[in-house]
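1. structural data only, the sequence is not supplied:
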């Protein structure tokens, strides 16, 4: 799934990026991984029963049963599941919805999020002149980013939470939580490869994000006839590895705390835009 670099796209900030009004929020340095993320990496692959499939996501994220919050599994069909949580002091669920609607139209905004991995972003179609969920749900974000050392050009199609079975009352307008859901695919081919969900729930002092990824294996599917034929081949030959799971866990474990560090101040200044 490695992509080729596109001319004119680059990591980091250059003069044109530094001229943006929000450029002062750009910080090229990342904090060390949180201890619980390091512990998950040290533990390695866990039995797949500890990280439920996407069909059990509503109970997993909103139910009362104990769950493994940080870790990764490899599934028999060649897929993987990844789970990680992020403390977000000072962040509200509404800020997260605003961020997912705000950052997708400019690479310089996207680079704020992960300065060492994010390269480019654009909406596939122009989103509505709205904010929060109304701006990003139903839209597809085309991203160039590094996952580990692999440059990936992805298509992130944001879907209504109910599409993945999320109907908890805390998600209603004015509630104590939000959840960002998406179908993950390739930007350069009509193939989807997985799902993500970022639940953000209010806690004392801010929020906690609980992220889930279900990738590869039975989740590979085509968006059209040609894509379906290619997906059949991919299901047979593509097997995600422990290295893939580790790289995704690290990527999320870096970008989400980095986002939380500047989001409250960014929202205070640009939240009406």
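-> Yep, that arrived. Remember, predicted model here, so these are calculated numbers, not experimental data.

2. how near is residue 69 to residue 122?
-> For residue 69, the distance to residue 122 equals 33 Å [C-beta to C-beta, to the nearest Å]. Placement of C-beta: from N, CA and C, glycine included.

3. quickly note the distance from the nearest residue to residue 137 once chain neighbours are set aside to residue 132.
-> Nearest non-adjacent residue to residue 137, counting by C-beta to C-beta, 6 or more residues apart in numbering: residue 158, 5.2 Å away. According to C-beta to C-beta, residue 158 stands 12 Å off from residue 132.

4. before we move on, what about residue 27?
-> As judged by C-beta to C-beta, residue 27 and residue 132 stand 25 Å apart.

5. can you pull the phi and psi angles for the spatially most central residue of the chain?
-> Centroid check for the chain by C-alpha atoms, centre = their mean gives residue 196 as the closest residue, at 6.4 Å. Per-residue torsions, residue 196: phi -140, psi 160 (degrees, to the nearest 10).

6. repeat for residue 199
-> Main-chain torsions, residue 199, degrees, to the nearest 10: phi -90, psi 130.

7. pLDDT weak spots in the stretch 51-200 of the chain?
-> Counting by pLDDT under 70, the stretch 51-200 of the chain shows no low-confidence range.

8. the helices in the protein, which residues?
-> 15-18, 35-43, 57-62, 93-102, 107-113, 133-136, 225-237, 242-270 (DSSP state H).

9. got the contact list for the second one?
-> Spelled out, that is helix 35-43. For helix 35-43, the external contacting residues (C-beta atoms under 8 Å, 6 or more residues apart in numbering) are 33, 69, 70, 71, 72, 84, 85, 246, 249, 250, 253.

10. show the average pLDDT along it.
-> Helix 35-43 shows a mean pLDDT of 98.

11. give me the angle between that helix and helix 242-270.
-> 170 degrees (axes from the mean of the first three to the mean of the last three C-alpha atoms, to 10 degrees).

12. flag every buried residue along helix 35-43.
-> Judged by neighbour count using 16 or more other C-beta atoms under 10 Å, the buried positions of helix 35-43 are 37, 40, 41.

13. and these as CSV, adding distance to residue 215?
-> Formatted as CSV, the buried residues of helix 35-43 follow (distance: C-beta to C-beta, whole Å):
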residue, distance to residue 215
37, 18
40, 16
41, 17
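
14. out of those residues, which is nearest to residue 15?
-> For those, the residue nearest residue 15 by C-beta to C-beta is residue 37; the value is 34.4 Å.

15. residue 166 contacts residue 181, doesn't it?
-> Yes: counting by C-beta atoms under 8 Å, residue 166 touches residue 181, with 6.9 Å between them.

16. any residues in contact with both of the two?
-> residue 197.

17. which one's more surrounded, those two?
-> Using other C-beta atoms under 10 Å, the more surrounded residue of residue 166 and residue 181 is residue 181, with 23 against 20.

18. who does the more buried one form a beta bridge with?
-> Beta-bridge partners recorded for residue 181 (DSSP bridges): residue 159, residue 197.

19. isn't it right up against residue 171?
-> No: counting by C-beta under 8 Å, residue 181 stays clear of residue 171, with 10.4 Å between them.

20. between those two, what contacts are shared?
-> Contacts common to residue 181 and residue 171, judged by C-beta under 8 Å, 6+ apart, are residue 161.

21. out of the helices of the chain, which gets nearest to residue 153?
-> Shortest distance between residue 153 and the helices of the chain, using C-beta to C-beta, is found for helix 107-113: 13.1 Å.

22. which helices and strands sit right next to the closest one?
-> Judged by 3 or more C-beta pairs under 8 Å, 6 or more residues apart in numbering; DSSP states H and E, the packing partners of helix 107-113 are helix 15-18, strand 118-123, helix 242-270.
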